[in-house]
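> what shape does this take:
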Amino acid sequence: MFIGTVIGQLWSTKKVANLQSLRFLLVRPQGLNRAPNTDVVVAADVLGAGVGEKVMVAYGRAARLAVGDENCSIEAAVVGIIDNIDARGPDDTAPT
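Reported below is the predicted structural model:
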């Protein structure tokens, strides 16, 4: 699973039958150093995430289970819309 930011939507009028009811988003992953990655992932979205929102994305079987069809032709799915992230990086100091 990774955290990313929704940067757009993807429309496809022709697709295999098991993708007909799914909405797809373009998600830019966030690296472990909290910097945006240059890659973009296409993720199925059943939660209704919007452009600019931070999301949790699952891969593989977990993604297919999240959309309710273990035989679905996807590799990534939005499994959560993030409200807040509270984390310390290696350069942050703990309060004394």
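> for the protein, just list every one of the helices.
Secondary structure of the chain by DSSP state H: the helices cover 60-66.
> leaving out sequence neighbours, find the closest residue to L10.
Once flanking residues are discounted, L10 sits nearest to F24: 4.2 Å by Cβ to Cβ, 6 or more residues apart in numbering. In this view, the C-beta of every residue, glycine as well, is placed from N, C-alpha and C.
> list the contacts for the one you found?
By Cβ atoms under 8 Å, 6 or more residues apart in numbering, the contact set of F24 is Q9, L10, W11, S12, V42, A43, A44, D45.
> only the buried subset of those residues, as a PyMOL command please.
Burial among the contacts of F24 is assessed by 16 or more other Cβ atoms under 10 Å; the matching PyMOL selection reads:
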select buried, resi 43+44+45
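> pLDDT and distance to I82 for the contacts of F24 - can I get that in TSV?
Shown next, in TSV, are the contacts of F24 (pLDDT from 0 to 100; distance: Cβ to Cβ, whole Å):
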residue	pLDDT	distance to I82
Q9	96	18
L10	93	21
W11	92	24
S12	90	26
V42	96	19
A43	97	14
A44	97	17
D45	96	14
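> so which of the contacts of F24 are in strands?
The strands, defined by DSSP state E, take in Q9, L10, V42, A43, A44, D45 from those.
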